[in-house]
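Novice: no sequence on this one, just coordinates:
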């Protein structure tokens, strides 16, 4: 009797249809509309297109000739590496350390996750104050340590590092929570058996925790790579319009710059298509490198 309940699929379709309709209106339609807009001439946000460009693929030709787009792609790839090593890597270490303590787990989970709760705009303003050349907290600390000359943390050459440090710091807690949840799903009996066999803490981490966290790490890596393509708010607050000299553009900020600042909406749509293509390709590459395993 109980198994027969699931044979009638009509009630499930009734509940699935509103969700599908919502996604069709607010996800799939804008996505395909954006692809169409990338071939049209649109010079004002919210206005109708003035027909197709001549030639219709001119935005994509311009994209391959645009030095700033290559700068933004290069910076985004660097951001991906920073995200994988600095965010996911640090999150793994923190999650393993917290999982191996007996007291204070709830405290550390709250502290490490807290930056996610804060608005990225507020964090950008805060880090602008921290990295001020004159009377900024970092330069004041360096002066106390004996450094004579003030460092311009937003100068060309060092600006990219200044931008990526806050982004890395903000999202460590996000991956930390995912990894801690994965560790909690590992049976304590495995650790107890290893402890009885004389395994040290490092050996339990190496031979039990890390292998059983493999699929969770894979998920975090895909999220980190795709998230680096979309990161926008904090870098834009700290370095609006790619300052200095348009060297700090990311794909997300460069798309916004053309859409909102230069009113070149169709070119911004073309950059959005590029972001989607890069996201699909890179997520496939990460899935291939960190392929999931069946246990």
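Specialist: Thanks, I have it. Computed from a prediction, not measured in an experiment: that's the story for all the values here. Residues are numbered from 1 along each chain as shown.
Novice: List the contacts of the most centrally placed residue in the chain.
Specialist: When CA atoms, centre = their mean is applied to the chain, the residue found nearest the centroid is residue 227 (2.3 Å). If a contact means CB atoms under 8 Å, 6 or more residues apart in numbering, then residue 227 has 83, 171 as its contacts. Heads up, the C-betas are built off the backbone N, CA and C, glycines and all.
Novice: Give the next helix or strand downstream of the helix or strand hosting it.
Specialist: Using DSSP states H and E, residue 227 falls within helix 214-230. Using DSSP H and E, the next helix or strand after helix 214-230 towards the C-terminus is helix 233-238.
Novice: Mind giving me the packing neighbours of that following helix?
Specialist: helix 120-130, helix 159-184, helix 251-256 (3 or more CB pairs under 8 Å, 6 or more residues apart in numbering; DSSP states H and E).
Novice: of all these, which lies closest to residue 60?
Specialist: Residue 60 sits nearest to helix 251-256 of all these, at 14.2 Å, using CB to CB.
Novice: which residues touch the closest one?
Specialist: So helix 251-256 is in contact with 68-69, 72-73, 76, 229-232, 235-236, 239, 242, 268, 271-272, 274-275, 278, going by CB under 8 Å, 6+ apart.
Novice: got the contact list for residue 76?
Specialist: Taking CB under 8 Å, 6+ apart as the test, what residue 76 contacts is 228-229, 250-252, 278.
Novice: Likewise for residue 129?
Specialist: Contacts of residue 129 (CB under 8 Å, 6+ apart): 136-137.
Novice: got a pLDDT number for the residue nearest to the centre of the chain?
Specialist: On pLDDT, residue 227 comes in at 87.
Novice: Could you report the distance from it to residue 106?
Specialist: Separation of residue 227 from residue 106 (CB to CB, to the nearest Å): 26 Å.
Novice: follow-up on the earlier one: tell me the buried residues in the helix holding residue 227?
Specialist: Judged by neighbour count using 16 or more other CB atoms under 10 Å, the buried positions of helix 214-230 are 215-229.
Novice: That one vs helix 159-184, what angle?
Specialist: 150 degrees (axes from the mean of the first three to the mean of the last three CA atoms, to 10 degrees).
Novice: where does helix 214-230 sit relative to the chain's centre, distance-wise?
Specialist: 8 Å (CA atoms, centre = their mean, to the nearest Å).
Novice: isn't there a helix covering residue 206?
Specialist: Yes: counting by DSSP: H, G, I helix; E, B strand; the rest coil, residue 206 is found in a helix.
Novice: Which per-residue confidence value corresponds to it?
Specialist: 89.
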